[in-house]
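1. Provided below are the primary sequence and the corresponding predicted coordinates.
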Amino acid sequence: MSAPPSAFGSPAAHYDVVVVGAGFAGMYMLHRLRGLGFSARVYEQGSGVGGTWYWNRYPGARCDVESMQYSYSFSDELQQEWDWSERYAPQPEILKYANHVADRFNLRPDIQFDTRVERAVFDEATSLWSVSTSDGKTVSAKFVVLATGCLSNARMPDIKGLDRFKGRVYHTGHWPHEAVDFTGQRVGVIGTGSSGIQSVPVIAEQASHLTVFQRTANFSIPARNAALTEAERQKFRANYPEIRRFARETARNGIYTELPDRGALDDGDNERRSKYEARWNRGGLTFMSVYNNLALEQAANDTSADFVRGKIAEIVNDPETATLLQPNNHPIGSKRICIDTDYFATFNRPNVTLVDIKSNPIEEITENAVRVAGKDYEVDALVLATGFDAMTGSVAKIDIRGRDGQTLNQKWSAGPRTYLGLMSSGFPNLFVITGPGSPSVLSNMIVSIEQHVDWIADCLVYMRDNGLDTMEAATDAEDRWVAHVNEVAYTTLYPQANSWYMGANVPGKPRIFMPYIGGVGVYRQICNDVAAKGYEGFIMERAESPRKMVASS
Ligand SMILES: Cc1cc2nc3c(=O)[nH]c(=O)nc-3n(C[C@H](O)[C@H](O)[C@H](O)COP(=O)(O)OP(=O)(O)OC[C@H]3O[C@@H](n4cnc5c(N)ncnc54)[C@H](O)[C@@H]3O)c2cc1C
């Protein structure tokens, strides 16, 4: 059975579970909870479902994991019936898919849109969470699930004069719903991460002039996007059982692809080059899985970084621009690798200028220009492709108070601490989906979302069946997990980069490698083993006068 509708909105409303966020994580969590007979309410600050795909409507926005894989696997009917039009679906199509899922599984009645969760306070006397929302209401819940997203808190850059700018300012992560037409305008794009790299070629086609302000040159691989044929879709559909199994259990990153059996230095120069060439021509994220040691050994990594730098030099006509576009301050793959359509070639257009703001940071923004090294680059509109306060940003915006009134922000002041990325000690019955300490942003995120949702759903059933009321990460288990996450990260080249994985894109944010790099297959096994051992490392208790969870129907 689902949430008690009559109780909705009343100050005394109570749910077994409050879910925060209606992206792919919150939607699937709701579906599972309802199927298991728990009462649940989802709060979403946006006006619709889809999360990332609801907010990121910028030109060129699309997924970079192939759509046949970047999609839910929990319903075979759903994956058999949905037609993806392209290898990498554009944002409007992914949003349409999210809406289709919401309708198909009748999720909307239990989602309250346009409502932010502002506060969640744990009452130790009742073992209940008190959840306050932006509409001034407070409900109680036995469990809270944060499905708030890892890339959902758009980061505004702190640039002098930005508020004085007279033209329109757009953030890629908070794009308007109405169409934005840059035809005839001088546009400035600040930021060259994934969103910048996707949007630059599209904006360049409209704008009279496009100025791209680049602090960090990033590695990008051609997407080779194309329409999917019915035969290609059918091939995937017929093989879905194996493709999904592989993505969950065998792959490190939740993507079905060949597994490399050798290191980059095991091949001679010609052999290696031809393998890189083949992957470059194939396009997409699997470029990085051609060898098994690219993330581990600098010399191996250099071979693939050199290859991509060489490609940039081949594509970009102006040698000075090509040099600026060649990444040289981090190993390839140590920042999320970008997937593009004609990004580097766009700099050959006469209406596109690249400005280096690493050697000369933006001095200020005036009413009509971006000033760099004393020179004004006049623009009519500004696009901020400055990314997100990743992984912890949206959680930190909620005032979460656990045992002894401690806030989660206090606890995480030196960096996030979780057990398995799922719970943080001192905050009973509070789960995070794809939280720091889990593979999360290092993976095909729908694979990781489904794994977390299923694990949490199973755990709640276990608690219900065993009459348990509270569950909490044990401090020592959490300490060991945090140490393990760090230890594994530092066996790789990842921590060398000033990446958002490290919190390095947000001034003042503690530098700690947030996701778990051990791989989704290994991680899933660890989580399953923990559950099989009666949720080892978690403390589970009965309350003295518990409020019963809704029984299975
Ligand atoms: C442009 C872009 C492209 C991406 N492409 C890929 C890809 O190809 N492959 C991949 O694996 N991943 C990709 N990602 C990552 C993507 O975020 C995840 O794949 C996935 O969509 C995350 O789903 P989610 O439900 O966990 O979070 P989100 O989709 O971020 O949803 C979280 C929701 O929670 C809501 N929320 C947050 N705080 C509150 C609050 N306090 N109260 C109420 N509501 C709240 C937000 O409004 C949001 O709608 C991409 C991300 C971006 C930004």
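-> Alright, I've got the coordinates.
2. shouldn't residue 184 be in contact with residue 351?
-> No. Residue 184 is beyond contact range of residue 351, at 11.2 Å (criterion: C-beta atoms under 8 Å). Every C-beta, even on glycine, is put in place using the N, C-alpha and C of the backbone.
3. Now for those two: what residues contact both?
-> Here residue 184 and residue 351 share the contacting residues 207, 208, scored by C-beta atoms under 8 Å, 6 or more residues apart in numbering.
4. Have a look at those two and say which one is more surrounded.
-> Using other C-beta atoms under 10 Å, the more surrounded residue of residue 184 and residue 351 is residue 351, with 15 against 10.
5. Just the buried positions in stretch 128-148, please.
-> 128-133, 137, 139-148 (16 or more other C-beta atoms under 10 Å).
6. So which of those residues reach the ligand?
-> Counting by C-beta under 6 Å from any ligand atom, 147, 148 from the buried residues of stretch 128-148 sit close to the ligand.
7. when you check the buried residues of stretch 128-148 against the strands, which ones overlap?
-> Among these, the members falling in strands (DSSP state E) are 128-133, 139-146.
8. Kindly reformat those residues as TSV containing pLDDT and distance to residue 36.
-> Formatted as TSV, these follow (pLDDT from 0 to 100; distance: C-beta to C-beta, whole Å):
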residue	pLDDT	distance to residue 36
128	97	20
129	98	19
130	98	24
131	98	20
132	98	26
133	98	24
139	97	20
140	97	20
141	98	15
142	98	14
143	98	12
144	98	17
145	98	13
146	98	19
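9. What lies in contact with stretch 103-110?
-> Outside of stretch 103-110, the residues within contact range by C-beta under 8 Å, 6+ apart are 2-3, 5, 22, 27, 30-31, 34, 40-42, 49, 75, 78, 101-102.
10. what's the burial count for whichever residue of the stretch 351-500 of the chain sits closest to the ligand?
-> Residue nearest to the ligand within the stretch 351-500 of the chain (C-beta to the nearest ligand atom): residue 445, separated by 3.3 Å. Neighbourhood size, residue 445 [other C-beta under 10 Å]: 24.
11. Model confidence for it, exactly?
-> Predicted confidence (pLDDT) for residue 445: 97.
12. Can you read off the backbone torsions of it?
-> Backbone torsions for residue 445, taken as degrees, to the nearest 10, come to phi -70, psi -20.
13. what residues are up against the residue nearest to it when sequence neighbours are not counted?
-> Residue nearest to residue 445 in three dimensions, not counting chain neighbours: residue 434, with 6.3 Å by C-beta to C-beta, 6 or more residues apart in numbering. Shown in contact with residue 434 (C-beta under 8 Å, 6+ apart): 25, 150, 421, 440, 441, 445, 448, 449, 452.
14. Surely residue 399 is in contact with residue 118?
-> Yes. In this structure residue 399 lies within contact range of residue 118 using C-beta under 8 Å: 6.5 Å.
15. what about those two, which has more around it?
-> Counted by other C-beta under 10 Å, residue 399 and residue 118 do not tie: residue 118 has more neighbours, with 17 against 14.
16. Just to check, residue 154 is in contact with residue 174?
-> Yes. Assessed by C-beta under 8 Å, residue 154 is found in contact with residue 174 at 4.8 Å.
17. Now do the shared contacts for those two.
-> Taking C-beta under 8 Å, 6+ apart as the contact rule, residue 154 and residue 174 both touch residue 55.
18. Give me every residue in the protein lying close to the ligand.
-> With the criterion set to C-beta under 6 Å from any ligand atom, the chain comes near the ligand through 20-26, 43-46, 51-52, 54, 56, 61, 63-65, 70, 116-117, 147-152, 195, 394, 398, 433-434, 444-445, 449.
19. Give me the subset of those lying in helices.
-> 24, 25, 26, 52, 54, 195, 394, 445, 449 (DSSP state H).
20. quick one: low-confidence parts of the stretch 401-550 of the chain?
-> Low-confidence segments of the stretch 401-550 of the chain, defined by pLDDT under 70: 544-550.
21. show me where it has strands.
-> Remark: strands assigned in the stretch 401-550 of the chain by DSSP state E, counting those that start in this stretch are 430-432, 470-473, 538-541.
22. Export the ones you listed as a markdown table, with columns for mean neighbour count.
-> Shown next, in a markdown table, are those (neighbours: other C-beta atoms under 10 Å):
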| stretch | mean neighbour count |
| --- | --- |
| strand 430-432 | 26 |
| strand 470-473 | 22 |
| strand 538-541 | 16 |
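23. could those strands be laid out in a markdown table, adding distance to residue 389?
-> Compiled in a markdown table, the strands of the stretch 401-550 of the chain are given as follows (distance: least, C-beta to C-beta, whole Å):
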| stretch | distance to residue 389 |
| --- | --- |
| strand 430-432 | 15 |
| strand 470-473 | 23 |
| strand 538-541 | 28 |
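24. Tell me which of the ones you listed lies nearest to residue 327.
-> strand 430-432 (31.6 Å; C-beta to C-beta).
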